[in-house]
Structures are given as structure tokens and as C-alpha cells.
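Participant: using only what follows, build the 3D model:
(2 chains)
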Amino acid sequence: MTDHEHERAIDIITRHGADDIAARDTAWLEAHLAQCAECAEYAALVTSTGQLLRAVAITASPALVATTQARIRERAAQLREHQARVALIAVSFCIGVLSSTISAWLWWRFGGWVAGRLSLPASIVEPGMFVAWLLPAIVIALAMLASSRPVIDRSVTLAMLGEREGDR
Amino acid sequence: MVATAFSSLVPMETEEAQIARGLRRRDPDLLDALIEQYQHRLLRYLLHLTGNRAAAEDLFQETWLRVLEKGHLYDGRNRFVTWLMSIGHNVAIDHLRKRNPSSLDEMKDPEDGAPFEPEASGPSPLDMAVERQQYEMLDAALSRVPPLFREVLVLRFQEQMKLEEIAKLVRIPVATVKTRIYRGVMALRPALKGGAQ
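Facilitator: Reported below is the predicted structural model:
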């Protein structure tokens, strides 16, 4: 008996029960097992392993299932909310970019018109108008950066926490 | 159950395609039905992988949360159970790496590893005692099997998965699956011959 035959037998035994085995292979295996004690023992062990593993009923408790379902619903709601927020931010961003582009172009043109009316060099007035258009955003950004005051006053937070602990 | 619930919507669609569509929508009703349908199989798999009921229950919840979050990645071409188990496999591996990167077996905590604890609701104390006794016998037998082999034995003989499905799930070649099953069965031989003592 060759190694190839043993390998084929082990392969069929291992697949038996889960995979579709051709009738020809099953017949060959039966003939092989009748002659090969080693493979016959393996086949018996595989059967016993299956019986052992399937004999034990491991079940999830209803409490576990209910808790999981509740957590899933809660998380699904959170994800939906997050998705809606992301979509809103994306739309706002697109509108912002579009309106900025249009208004920047209009300010540039206005600068050119002012330069023409006042006979000033356009190379100075146009960028000047553009900077003037950007100025409010730059000032606000600088003010936010320079501000040392936190968004949420820590003393207020601590006072609230103290109040809660006092309530207990 | 899931097939019945959704078959009225698109009669020609396969169950897997319906599940994939529902997961993309993050449909909570579909997820409830899937949890009901696959609760025992998933918990059984995780319990055999970790050897610890409490850890398996945590991973059970974590697996379903990941199914919700990564549901859009399921394309419906493979069986849902294979995809679910592969999520469970990844969650368990992450957990085991965090807890103890050196060995899966060392994860077993003799104190809190008691497989079944009585709970306020669920099976009766007698059922629990029988389950516990049966599980202890199985656990004693499986403790002889290295975790890598134990996992494929559970998938093959308890979940009755095809070798190709196991290979996809564990991300190993089919030949390695066969080798692991063979070695796992051989490692179980003393327990099988001696009545799992």
C-alpha cells in the first residue's frame, strides 16, 4: 500500500460528513479500510471525535442574547447619528468651498474695477481686496489661537462635580 | 428565520445576498434575527477558543458589534456563518494577544474559567448541572489538544464546516487544515480511548 493511498484515505475520511464525497471515492475508501488497520483506526477516531464534540449542548443564555441585541441597537443608533453628522459636515464643506470660490473671484473682480475707477495699479488693489475678504477669518482664527481661556471653564465644571458629590 | 423574514421582499435573492443588503443598511431587525439564529454556534466556537465562559460571552458581544460596524464588507458570496466565525476568530485572536501573546492555552484561568454559572434567567439548575458536567468532560478531553488544532476540530466536527470554509476562515491552506485536523484527532486519541478521563 502506497503513501498516496493513505493520504487519499485520510483526505476522504476528513471530508466525510461536511463535503460531498463521490460514490466511487466512498467505495474505494471502504475497500481501503478493510485492508488498512491504520486508516480504519483514524476513521473510527474521527467518528468518535465528531460524536464527542456534538454530544455537548453549549447554549447562550437568553440574558446574553438580550444584552447583545440591546447593545447592537444602541450602537446602530450611534452609527446612524454619526453618519448623518458626517454627511452634514460634508455638505457644509462643499457649500463653503463653492461660496468661497465664487466670492473670492467676485472680490478680485471688484478690486480690478476699483483700481480702474481710481486709476490705481491693479497688481496692488486686487490682492488687497482679496486680503480684505480674508481678513475677518484671519482675525477670528488668530483670536481663537491667542485666547488662553478654555472653551469650558474648569472652575464651573469642578463646582458642578462638587455639587453632585454633595447631593450624595 | 432570516430567509423567511426577508423572502417576501425579494423572492429571487439568495439568503446571503439578503443578509449582505441588510448589513449594509445596518438593519437592527436583521441583526436581532441573526443573533437569535447563530447565538449557540458562535458562543460554542468562542468558548472552545478561549476556554473561558465569561471571556467567550464578552467576545460574543464584541463579535456582533464588529458585524454591525463591518457589515458592509460582507459581500454575500460566502456563507454568512463562515464570515461570522471569521469575525469571531479575529476578535478572539485580538483578545488572546492582548491578554497573553505567548500562548492561547495559558488564557485559561482556573478560577474564573468555570464554564457555566447559574444565572437569574435561562436553563434550570438541573439542565445547567448536566451541561456543566458534559462540558467539563469535553473540556478535559480538548485540553489535551493544542489550541490551533482544537479550533479546526470544533469548526469541522461541531460546526460541520467544509475544509475550504475552514481554510478561508482561519486563513491557512486547505492542506494545513487537513494536517491540523489529523493531528488534533491524534491528540484526542488517549481521551477517546480512555473515555475522556
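
Participant: residue B:153 contacts residue B:186, doesn't it?
Facilitator: No - using CB atoms under 8 Å, residue B:153 makes no contact with residue B:186, being 10.9 Å away. Where you see a C-beta, it was placed from the backbone N, CA and C, and this is true even at glycine.

Participant: which of the two has more neighbours?
Facilitator: Taking neighbours as other CB atoms under 10 Å in any protein chain shown, residue B:153 and residue B:186 compare with residue B:153 leading, 24 against 13.

Participant: now name the helix or strand holding residue B:145.
Facilitator: Assigned by DSSP states H and E, residue B:145 falls within no helix or strand.

Participant: for residue A:22, grab phi and psi.
Facilitator: With angles defined as degrees, to the nearest 10, residue A:22 sits at phi -70, psi 150.

Participant: again with residue A:25
Facilitator: phi -70, psi -40.

Participant: just give the nearest non-adjacent residue to it, would you?
Facilitator: Closest residue to residue A:25 apart from its sequence neighbours, by CB to CB, 6 or more residues apart in numbering or on different chains: residue A:12 at 5.4 Å.

Participant: what's the separation between the one you found and residue B:148?
Facilitator: Separation of residue A:12 from residue B:148 (CB to CB, to the nearest Å) stands at 23 Å.

Participant: more neighbours, these two?
Facilitator: Comparing residue A:12 with residue B:148 by other CB under 10 Å, the one with more neighbours is residue A:12, at 20 against 14.

Participant: need the contact partners of whichever helix or strand that one is part of.
Facilitator: Following DSSP H and E, one finds residue A:12 within helix A:3-15. Applying CB atoms under 8 Å, 6 or more residues apart in numbering or on different chains, the contact partners of helix A:3-15 are A:21, A:25-26, A:28-29, A:32-33, A:36, A:38-39, A:42-43, A:46, B:156, B:162-163, B:178, B:181-182.

Participant: now the buried members of those residues.
Facilitator: If you count burial by 16 or more other CB atoms under 10 Å in any protein chain shown, the buried members of the contacts of helix A:3-15 come out as A:25, A:29, A:32-33, A:36, A:39, A:42-43, A:46, B:156, B:162-163, B:178, B:181-182.

Participant: closest one to residue A:56 out of these, please.
Facilitator: When the buried ones among the contacts of helix A:3-15 are compared for distance to residue A:56 (CB to CB), residue B:156 wins out at 15.6 Å.

Participant: residue contacts, the nearest residue to that closest one once chain neighbours are set aside?
Facilitator: Leaving out its chain neighbours, the residue that sits closest to residue B:156 by CB to CB, 6+ apart is residue B:181, at 5.6 Å. For residue B:181, the contact set (CB under 8 Å, 6+ apart) comprises A:14, B:149, B:152-153, B:156, B:163.

Participant: now, those residues that are in helices?
Facilitator: A:14, B:149, B:152-153, B:163 (DSSP state H).

Participant: hmm, back to that, work out for me the element the residue nearest to residue B:156 sits within.
Facilitator: Per DSSP H and E, residue B:181 falls inside helix B:174-194.

Participant: can I get that helix in PDB? Just the C-alpha atoms.
Facilitator: Backbone C-alpha positions of helix B:174-194 (Å, rounded to 0.1, in the frame of the first residue of the first chain) are rendered in PDB as follows:
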ATOM      1  CA  VAL B 174      -6.500  23.500   2.900                       C
ATOM      2  CA  ALA B 175      -3.600  21.200   3.300                       C
ATOM      3  CA  THR B 176      -2.800  22.800   6.600                       C
ATOM      4  CA  VAL B 177      -6.400  22.400   7.700                       C
ATOM      5  CA  LYS B 178      -6.200  18.700   7.000                       C
ATOM      6  CA  THR B 179      -2.900  18.300   8.800                       C
ATOM      7  CA  ARG B 180      -4.300  20.200  11.900                       C
ATOM      8  CA  ILE B 181      -7.400  18.000  11.900                       C
ATOM      9  CA  TYR B 182      -5.300  14.900  11.700                       C
ATOM     10  CA  ARG B 183      -3.000  16.000  14.500                       C
ATOM     11  CA  GLY B 184      -5.900  17.200  16.600                       C
ATOM     12  CA  VAL B 185      -7.700  13.800  16.300                       C
ATOM     13  CA  MET B 186      -4.500  12.100  17.100                       C
ATOM     14  CA  ALA B 187      -4.000  14.300  20.200                       C
ATOM     15  CA  LEU B 188      -7.500  13.400  21.300                       C
ATOM     16  CA  ARG B 189      -6.900   9.700  20.900                       C
ATOM     17  CA  PRO B 190      -6.000   8.900  24.500                       C
ATOM     18  CA  ALA B 191      -9.100  10.700  25.700                       C
ATOM     19  CA  LEU B 192     -11.300   9.000  23.200                       C
ATOM     20  CA  LYS B 193      -9.900   5.600  24.000                       C
ATOM     21  CA  GLY B 194      -9.900   6.200  27.800                       C
END
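
Participant: done for today, thanks.
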